[in-house]
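Participant: next comes the sequence, and after it the predicted model I'd like to discuss.
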Amino acid sequence: MRLFQDDSGESWQAMAVDHVVAHGKMGAALVFVPANEPSAEPLRTGVTFNSTRAADLTLRTLGEKELRRRLKVARAEAAG
């Protein structure tokens, strides 16, 4: 899990959740949750990882600018 702020200053948690990936294998998907509402339904993205280890490494090393960009894309996709 990684905390960051969006462009408006709202705090978010970026995290990986279990997800079936290519060839039916278990991996992980990137999701976002408002930090002030940890029980809220996660905002899912199309970003998947082949393993939770890969997801954890990515979350630790991904830049905040890229996290904000991916959050914007996820919000736009959720809005339709």
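Facilitator: It's in.

Participant: just the pLDDT for H23.
Facilitator: Model confidence at H23, expressed as pLDDT, equals 89.

Participant: neighbours of it, how many?
Facilitator: 6 (other CB atoms under 10 Å). All C-beta spots, glycine's among them, are computed from the backbone N, C-alpha and C.

Participant: and the gap between it and M15?
Facilitator: Distance, H23 to M15, using CB to CB, to the nearest Å: 24 Å.

Participant: poorly predicted segments of the protein, please.
Facilitator: Filtered on pLDDT under 70, the chain yields no residues whatsoever.

Participant: hang on, L59 is in a helix, isn't it?
Facilitator: Yes: the assignment for L59 (DSSP: H, G, I helix; E, B strand; the rest coil) places it in a helix.

Participant: who are the contact partners of it?
Facilitator: 1-2, 14-16, 30 (CB atoms under 8 Å, 6 or more residues apart in numbering).

Participant: cool, A54 as well?
Facilitator: Counting by CB under 8 Å, 6+ apart, A54 has contacts 27-28.

Participant: which parts of the protein are helices?
Facilitator: 52-61, 64-79 (DSSP state H).

Participant: and of the ones you listed, who's closest to S39?
Facilitator: Among the helices of the chain, helix 64-79 comes nearest to S39, with 17.7 Å by CB to CB.

Participant: send the alpha carbons of the closest one over as PDB?
Facilitator: In PDB, the C-alpha atoms belonging to helix 64-79 read as follows (Å, rounded to 0.1, in the frame of the first residue of the first chain):
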ATOM      1  CA  GLU A  64       3.900  10.200  -7.600                       C
ATOM      2  CA  LYS A  65       3.300  11.900 -10.900                       C
ATOM      3  CA  GLU A  66       2.600   8.500 -12.500                       C
ATOM      4  CA  LEU A  67       0.300   7.500  -9.600                       C
ATOM      5  CA  ARG A  68      -1.700  10.700 -10.100                       C
ATOM      6  CA  ARG A  69      -1.900  10.000 -13.800                       C
ATOM      7  CA  ARG A  70      -3.100   6.500 -13.300                       C
ATOM      8  CA  LEU A  71      -5.700   7.700 -10.800                       C
ATOM      9  CA  LYS A  72      -7.000  10.200 -13.300                       C
ATOM     10  CA  VAL A  73      -7.400   7.500 -16.000                       C
ATOM     11  CA  ALA A  74      -9.200   5.200 -13.500                       C
ATOM     12  CA  ARG A  75     -11.600   8.000 -12.500                       C
ATOM     13  CA  ALA A  76     -12.300   8.800 -16.200                       C
ATOM     14  CA  GLU A  77     -13.000   5.100 -17.000                       C
ATOM     15  CA  ALA A  78     -15.200   4.700 -13.900                       C
ATOM     16  CA  ALA A  79     -17.200   7.800 -15.000                       C
END
